[in-house]
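Participant: Sequence isn't available, so here's the structure alone:
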């Protein structure tokens with residue numbers, strides 16, 4: 001089939017890759033380069049965040065974990081398995097995602113920072129998006145995808161390409177394309193600092209100053225973060241930057257004198273549940289497969305959702 005994929009973030013590129021693998025002709029429509037997408041900014045460590053429904057997120061998350069783990073084993077640029085530590089000030093319950101990750105176990109007391117009494121250790125995929133996303137772009141292009149850079153106001157705008165099916169992977173813009181009032185931004189602010197030698201990903205989802213995570217990459221660390229629902233402002237907040245630095249230094253004291261490289265803001269595509277379904281009503285005569293609303297879990301469930309979206313299109 002001739003398939004038009006709208007969007008070139010992690011969801012759009014992953015879905016395009018699956019459609020190409022199934023033998024379809026794929027055209028990707030994007031208003032901007034890959035480096036300008038929200039996906040490019042993502043901290044991108046496997047961890048279910050702000051996405052539903054819970055049962056499907058588990059299923060998509062397991063499929064994506066296995067895919068990313070395979071990429072890491074194959075030494076795919078930007079993808080590696082990362083030792084991780086989740087911290088708690090009170091005795092925690094076993095998280096529902098524990099069966100999916102590798103080597104899940106209680107944290108040794110010696111590895112807990114001051115102020116923490118409990119923790120879990122585990123291994124998950126970490127994706128350096130400035131490396132992996134261009135790689136995925138090149139792989140999709142090498143497999144035969146065609147790119148058109150065009151601003152789309154409505155999904156009808158791509159009907160002139162005469163596709164057999166349209167796939168809506170436009171992230172936060174997806175809602176505006178189809179008048180979906182359930183879509184909303186989830187503002188996320190992160191701070192990039194020079195890596196002082198950290199290799200373990202550390203997080204505290206219940207830090208008194210707000211959720212905190214430290215994700216080490218090859219040359220930097222991504223510190224976060226925030227989940228501000230219905231906040232559209234992309235301007236970095238200096239006070240939030242200082243708060244992020246303070247809470248992350250509680251997790252990793254090695255960050256005390258780290259050099260701040262930049263502060264970035266992205267708007268995650270929020271929705272109570274991911275929309276992954278066929279729609280015969282939005283564009284006259286052309287079926288639409290929707291794949292959007294992944295919240296803060298784009299990398300965590302992206303491949304599973306892409307595989308499901310491609311299967312819906314393939315069955316038409």
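Facilitator: Yes, it's here. As the structure is a computational prediction, the values presented were derived from the model and not from experiment. Residues are numbered from 1 along each chain as shown.
Participant: When you work out contacts or count neighbours from here on, use the C-alpha atoms and nothing else.
Facilitator: Noted.
Participant: Tell me how far the longest helix along the chain lies from the chain's centre.
Facilitator: Using DSSP state H, we find that the single longest helix of the chain is helix 54-73. How far helix 54-73 lies from its chain's middle: 12 Å, per CA atoms, centre = their mean, to the nearest Å.
Participant: list the contacts for residue 111?
Facilitator: When contacts are counted by CA atoms under 8 Å, 6 or more residues apart in numbering, residue 111 touches no other residue.
Participant: what comes up buried for the longest helix of the chain?
Facilitator: For helix 54-73, the buried set under the neighbour-count rule, 16 or more other CA atoms under 10 Å, comprises 56-58, 60-66, 68-72.
Participant: Then stretch 113-127?
Facilitator: Within stretch 113-127, the residues that count as buried by 16+ other CA under 10 Å are 113, 116, 118, 119, 120, 121, 122, 123, 124, 125, 126, 127.
Participant: what separates that stretch from the chain centre, distance-wise?
Facilitator: Distance of stretch 113-127 from its chain centroid, counting by CA atoms, centre = their mean, is 20 Å.
Participant: So for it, mean pLDDT?
Facilitator: Confidence for stretch 113-127, expressed as mean pLDDT, is 97.
Participant: From what I see, residue 171 and residue 296 are in contact.
Facilitator: No: using CA atoms under 8 Å as the test, residue 171 is too far from residue 296 to be in contact (11.2 Å).
Participant: Look at residue 225 and report its pLDDT.
Facilitator: 88.
Participant: what does residue 161 give?
Facilitator: pLDDT, residue 161: 96.
Participant: now the buried residues of stretch 113-127 in JSON lines, with secondary structure?
Facilitator: Converted to JSON lines, the buried residues of stretch 113-127 look like this (DSSP: H, G, I helix; E, B strand; the rest coil):
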{"residue": "113", "secondary structure": "coil"}
{"residue": "116", "secondary structure": "coil"}
{"residue": "118", "secondary structure": "strand"}
{"residue": "119", "secondary structure": "strand"}
{"residue": "120", "secondary structure": "strand"}
{"residue": "121", "secondary structure": "strand"}
{"residue": "122", "secondary structure": "strand"}
{"residue": "123", "secondary structure": "strand"}
{"residue": "124", "secondary structure": "strand"}
{"residue": "125", "secondary structure": "strand"}
{"residue": "126", "secondary structure": "strand"}
{"residue": "127", "secondary structure": "strand"}
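Participant: can the residues you listed go into CSV with extra columns for distance to residue 241?
Facilitator: Rendered in CSV, the data for those read as follows (distance: CA to CA, whole Å):
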residue, distance to residue 241
113, 21
116, 23
118, 27
119, 25
120, 27
121, 27
122, 28
123, 28
124, 26
125, 26
126, 23
127, 23
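Participant: Which positions within stretch 260-279 qualify as buried?
Facilitator: Of the residues in stretch 260-279, those scored as buried under the neighbour-count criterion (16+ other CA under 10 Å) are 260, 263-271, 273-276, 278.
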